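Peer 1: what shape does this take:
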Amino acid sequence: MNRLASLLVLIPSLAIFSCQQKPPAPNPPTPVNLATVKSQPVLYYDEFPATTQALSQVDLHAQVTGYVTAILFTEGTHVHKGQKLYEIDERLFKAAYDQAAANVKVAEGNQQQAQQDADRYQYLIQHNAVAKQTLDHAMIALQNAKNETAAAQQALTTAATNLTYSIITAPFDGTIGFSQVKLGNLVTASTTVLNTVSTDNPMAVDFLINESQLNHYEQLQRSKQHELDSLFTIVLPDHSIYPYTGKISVIDRAVDPQTGTIRVRLEFPNPKLDLRAGMSCVVRVHNLEQTPQIVIPARAVVEQMGEYFVYIAKDTVIQSNADSTAKGPRLRAVQVKVETGQTIGSNIVIRSGLHDSDRLVVDGVQALHDGSPITTANIVGPGAAGGRRR
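Peer 2: Residues are numbered from 1 along each chain as shown. Model (predicted):
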């Protein structure tokens, strides 16, 4: 009975204690900075990784077999079309040429003799002083002599060609690389690579674009109004801006089905030979969009699993459970999905998701979630909290 009485006394006490507990205090609003969204004209560049290429490049092969007797250029320098580069021992080819020239003279002498015989028999046959068969044989001998002369001349041409092949010249103006052979090396016809020559002015710059941009670049290629504009520029590996502008030279014939990209080739003047084939650079394509665009601080953008969001401030009316008299507008952070565009310094272009006059949360976004209460009473300094920086 005593235990029952104690229990009956404890139950009312617990009820009184529970009634005296206060509800938990609501979370205080997060201090943020707000900025009003406004469209504005934007000037920026689309950037693409690129590689410089020679418009023409050729490997120099020996066309005759022999020993290298002379190297007549400085490696890595500019050479001109027809300039002598290598000499291959020409003694055998010179002897073959001289022999072929002598054979031509012998053949021409035989032809001259056969011609005289034919002429003589032609005269005698008119006076019935010789048999017709003799004339026929003389005419056949003359034709054979002519054929032998033609064959000797062709042999002379071949010998002359081989003699010229003993001297390798530059096929066009360009830059020559390191020699792959040294003096005294034996080179084999059509097999040994002597060197490589590539054109150097102008120079090509290749980069890849998405297939969705193809129509835009085809329009730029057809258009002539931007030829003198800084539509295409490049950033060199030392981060300096190349002083000359380029133009579209070629758009590749097909899109790569695996990557959905297509190659575009630009052409840049290279009078000082600052560009070398194979250099890595960045192509900058001047933005020609004249419609005002929304630009916001990049720190206001939050990335979540490959998607991008911002927070905008919305006025809401909230009934507080703790205080039934606390009514009125309160600021709430509303999460909005956006499509981002080009990064411009510390700012970023927003292609969709925001509208003019939206109140954007630019600081304090890391402490927010969709529906968080916010306040602008205590201003947060820039950089105290940030989103994604690009």
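
Peer 1: where does pLDDT dip in the stretch 1-150 of the chain?
Peer 2: Confidence mapping of the stretch 1-150 of the chain against pLDDT under 70 gives the ranges 1-26.

Peer 1: what do you get if the cut-off is 80, keeping everything else the same?
Peer 2: The stretch 1-150 of the chain contains residues with pLDDT under 80 at 1-27, 42-45, 121, 125, 127, 129-130.

Peer 1: tell me where it has strands.
Peer 2: Taking DSSP state E, counting those that start in this stretch as the criterion, the stretch 1-150 of the chain carries its strands at 30-31, 33-36, 39-40, 45-53, 57-61, 66-71, 78-79, 84-88.

Peer 1: likewise for the stretch 201-350 of the chain?
Peer 2: So, for the stretch 201-350 of the chain - with DSSP E, counting those that start in this stretch - the strands run 203-210, 232-235, 247-251, 261-268, 280-286, 293-297, 302-304, 307-317, 329-344, 347-352.

Peer 1: so what strands line up beside the last one?
Peer 2: Taking DSSP bridges as the criterion, strand 347-352 forms sheet pairs with strand 293-297 (antiparallel), strand 329-344 (antiparallel).

Peer 1: quick one: closest of those to A101.
Peer 2: A101 sits nearest to strand 329-344 of all these, at 71.4 Å, using CB to CB. From N, CA and C alone the C-beta is placed, and that goes for glycine too.

Peer 1: where is the longest helix in the chain?
Peer 2: Longest helix in the chain by number of residues, with DSSP state H as the criterion: helix 91-126.

Peer 1: quick one, which of the strands of the stretch 201-350 of the chain is nearest to Q143?
Peer 2: The nearest among those, by CB to CB, is strand 247-251 at 55.3 Å.

Peer 1: packing partners of that closest one?
Peer 2: helix 214-222, strand 261-268 (3 or more CB pairs under 8 Å, 6 or more residues apart in numbering; DSSP states H and E).

Peer 1: let me have the strands of the stretch 201-350 of the chain in a markdown table, extended by mean pLDDT, mean neighbour count and distance to A100.
Peer 2: Shown next, in a markdown table, are the strands of the stretch 201-350 of the chain (pLDDT from 0 to 100; neighbours: other CB atoms under 10 Å; distance: least, CB to CB, whole Å):
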| stretch | mean pLDDT | mean neighbour count | distance to A100 |
| --- | --- | --- | --- |
| strand 203-210 | 94 | 20 | 44 |
| strand 232-235 | 92 | 21 | 54 |
| strand 247-251 | 91 | 16 | 46 |
| strand 261-268 | 94 | 20 | 46 |
| strand 280-286 | 91 | 18 | 53 |
| strand 293-297 | 88 | 20 | 76 |
| strand 302-304 | 89 | 14 | 78 |
| strand 307-317 | 86 | 17 | 78 |
| strand 329-344 | 85 | 17 | 69 |
| strand 347-352 | 88 | 18 | 74 |
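
Peer 1: mind checking which of those strands is nearest Q40?
Peer 2: strand 293-297 (6.3 Å).

Peer 1: quick check: end-to-end length of stretch 285-304?
Peer 2: Terminal residues of stretch 285-304 are spaced 29 Å apart (CA to CA, to the nearest Å).

Peer 1: what do you get for stretch 45-62?
Peer 2: Using CA to CA, the two ends of stretch 45-62 sit 47 Å apart.

Peer 1: same thing with stretch 216-231?
Peer 2: In stretch 216-231, first residue to last residue: 13 Å (CA to CA).

Peer 1: ok, back up a step: what's the closest of the helices and strands packed on strand 247-251 to L354?
Peer 2: Taking those one by one with CB to CB, helix 214-222 is closest: 23.9 Å.

Peer 1: please name every helix or strand in contact with the closest one.
Peer 2: Going by 3+ CB pairs under 8 Å, 6+ apart, helix 214-222 lies up against strand 247-251.

Peer 1: quick one: strands adjacent to the strand it packs on?
Peer 2: Strand 247-251 has the following strand partners under DSSP bridges: strand 261-268 (antiparallel).

Peer 1: contacts made by the strand it pairs with with the rest, please.
Peer 2: Contacting residues not belonging to strand 261-268 are listed as 50, 53, 55, 202-211, 214, 217, 232, 234, 242, 244-252, 254-256, 275, 283 [CB atoms under 8 Å, 6 or more residues apart in numbering].

Peer 1: that one vs helix 214-222, what angle?
Peer 2: Strand 261-268 and helix 214-222 are oriented at 20 degrees to each other (axes from the mean of the first three to the mean of the last three CA atoms, to 10 degrees).

Peer 1: possible to save the strands of the stretch 201-350 of the chain as CSV with distance to D358?
Peer 2: Output for the strands of the stretch 201-350 of the chain, formatted as CSV (distance: least, CB to CB, whole Å):
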stretch, distance to D358
strand 203-210, 29
strand 232-235, 34
strand 247-251, 38
strand 261-268, 35
strand 280-286, 29
strand 293-297, 9
strand 302-304, 16
strand 307-317, 5
strand 329-344, 8
strand 347-352, 10
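
Peer 1: follow-up on the earlier one: tell me how far the longest helix of the chain is from the chain's mean position?
Peer 2: Helix 91-126 sits 62 Å away from the centroid of its parent chain (CA atoms, centre = their mean, to the nearest Å).

Peer 1: now do the buried residues in it.
Peer 2: By neighbour count on 16 or more other CB atoms under 10 Å, the buried set for helix 91-126 is 93, 96-97, 100, 103-104, 107-108, 110-111, 114, 117-118, 121, 125.

Peer 1: out of those residues, who's nearest A141?
Peer 2: Of all the buried residues of helix 91-126, A114 has the smallest distance to A141: 4.8 Å, by CB to CB.

Peer 1: and the closest one, what does it touch?
Peer 2: Applying CB under 8 Å, 6+ apart, the residues contacting A114 are A138, A141, L142, N144, A145, K146.

Peer 1: name the nearest residue to the second one, sequence neighbours excluded.
Peer 2: In space, and not counting its chain neighbours, A141 is closest to A114: 4.8 Å by CB to CB, 6 or more residues apart in numbering.

Peer 1: roughly how far apart are that neighbour and V104?
Peer 2: Distance of A114 to V104, computed by CB to CB, to the nearest Å: 16 Å.

Peer 1: likewise for V362?
Peer 2: 91 Å.
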